[in-house]
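Student: here is a sequence together with a model predicted from it:
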Amino acid sequence: MLDIKFLRENPEAVKENIRKKFQEAKLPMVDEVIALDKANRAAIQEASDLRAAKNQLSKANGPLFGKLKKAEGAEKEQLQAQIDENTAKVKANDRRLAELEALETEYAEKIRRLMLQIPNMIDPSVPIGPDDSANVEVARFGEPIVPEYEIPYHTQIMESFNGIDLDAAGRVSGNGFYYLLGDIARLHEAVLAYARDFMIQKGFTFCIPPFMIHGNVVEGVMSQTDMDAMMYKIEGEDLYLIGTSEHSMIGKFIDQIIPEDTLPQTLTSYSPCFRKEKGAHGIEERGVYRIHQFEKQEMIVVCKPEDSMEWYEKMWRYSVELFQSMGIPVRQLECCSGDLADLKVKSCDIEAWSPRQKKYFEVCSCSNLGDAQARRLKMRVKGADGKMYLPHTLNNTVVAPPRMLIAFLENRLQADGTVTIPAVLQPYMGGTEILVPKNNK
């Protein structure tokens, strides 16, 4: 969410930013906010003037009451008339103040609702484009290889190890759920444990957050559009299932004053994630690619504004390093303006190579949200000079199996159907170096 002072002083810049994000329908909101803000400030000023006048009238009545006790005849009548007139004005002021206070509340709520929909200012380095088709490849890491032998669909690979049961999950929970079994389930947990320790070694503090959050936290960490498309609400409760641990990890700082000497806050969190994932999807997004429930290791940073871009660079590079350590080729893809969620200043995807599809697909998403979440959640930092300012927040996927398992299994599958385990994962797999399909044993 933008600072209303910034919008008030830079309306054309805000409108141009909306155009760059191809959200022209939101352009009238800027003028609407400015008009409401003007009316609100006028109401606040009038209320302030009325309170001052009320105080003066109340003070004026004090001496008049004293004189009234001693006065007689015409003088007493004049004093009483003056007191009555002042009292009537005070009552009129009170009625108008009540009207103005109601208007202030109404204006403030309308302004807030509009400001929640106006997108954050994107970084000048963000490429301009309407949707993800305009995202820009920046760099590749590792050699994308297409082997001479056929790479089966990922669920077929898992089934060769008796490692997945989608039919049973469908009976129990419906489409978009799964049972992972045996070696595949163990591999799933090994990847998460390795990712956890990888981030701890980078100096991040490991956390397990709440998996449900209040509605005001949801509103603070994500846009309304994303909320409607993603979040599951608990019926009869002010609680939502998290779509990623970023939600509850950033929410941890709601209404908090953070001592400057504790920055940066670098946290890595594990959680299950729950998403509606609305809409129909093609074959490549079935299986365990686009699902309603999965597990994830996340990284979150809360830092000084001047440090956020440096952390952004570090964070996406951590993802590259992690995937490279497991022998999975990846690339960095810069997200264009139209592909950025409204709160994001800058974002990139890390995509893993799929030798079966002969293309890359998303496995991580790294985002700098500037001070948008901090402003919504009323997070503040107390500087050394005693002044308050808003921190910047960033997040990035460390690893999100089972989708990440698709890249892992395809890239480490051998011609005989076995899957090799990289050295970094072997300690988490009981020393296992290779997985052998059940029908090969």
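Tutor: Okay, I see it.
Student: which residues are in contact with the closest residue to residue 233 other than its chain neighbours?
Tutor: Ranked by Cβ to Cβ, 6 or more residues apart in numbering and with sequence neighbours excluded, the top spatial neighbour of residue 233 is residue 240, at 5.3 Å. For every residue, glycine as well, the C-beta is placed using N, CA and C. Shown in contact with residue 240 (Cβ atoms under 8 Å, 6 or more residues apart in numbering): 212, 213, 214, 215, 218, 231, 232, 233, 234.
Student: in the stretch 101-250 of the chain, which spans are strands?
Tutor: Under the criterion DSSP state E, counting those that start in this stretch, the stretch 101-250 of the chain carries strands at the ranges 136-141, 164-165, 179-180, 205-207, 212-213, 232-233, 240-241.
Student: residue 366 touches residue 316, doesn't it?
Tutor: Yes. Counting by Cβ atoms under 8 Å, residue 366 does reach residue 316; the two are 4.0 Å apart.
Student: overlap in contacts of those two?
Tutor: Joint contacts of residue 366 and residue 316 (Cβ under 8 Å, 6+ apart) are 348, 350, 396.
Student: so for stretch 395-406, mean pLDDT?
Tutor: Mean pLDDT, stretch 395-406: 94.
Student: what do you get for stretch 33-52?
Tutor: Per-residue scores along stretch 33-52 average to 91.
Student: could you list the buried residues of that stretch?
Tutor: Neighbour counts over stretch 33-52 (16 or more other Cβ atoms under 10 Å) mark 33, 34, 36, 37, 39, 40, 43, 44, 47, 50 as buried.
Student: give me the element the third one is part of.
Tutor: Under the criterion DSSP states H and E, the helix or strand holding residue 36 is helix 27-70.
Student: what's the spacing between the closest residue to residue 419 other than its chain neighbours and residue 226?
Tutor: Closest residue in space to residue 419, ignoring its immediate chain neighbours: residue 435 at 4.3 Å, by Cβ to Cβ, 6+ apart. Look at residue 435 and residue 226: by Cβ to Cβ, to the nearest Å, they are 37 Å apart.
Student: what is the end-to-end distance of stretch 123-130?
Tutor: Stretch 123-130 has an end-to-end distance of 16 Å (Cα to Cα, to the nearest Å).
Student: ignore what I typed, I meant stretch 339-358.
Tutor: End-to-end for stretch 339-358, by Cα to Cα: 23 Å.
Student: run the chain-centre distance for it.
Tutor: Centroid separation between stretch 339-358 and its chain, computed with Cα atoms, centre = their mean, to the nearest Å, is 16 Å.
Student: show the contacting residues for residue 190.
Tutor: Here residue 190 is in contact with 425, 428, 429 (Cβ under 8 Å, 6+ apart).
Student: thought residue 409 was touching residue 159?
Tutor: No. Counting by Cβ under 8 Å, residue 159 is not a contact partner of residue 409; they are 11.2 Å apart.
Student: tell me which of those two has more neighbours.
Tutor: Ranked by neighbour count (other Cβ atoms under 10 Å), residue 409 and residue 159 place residue 409 first, with 25 against 17.
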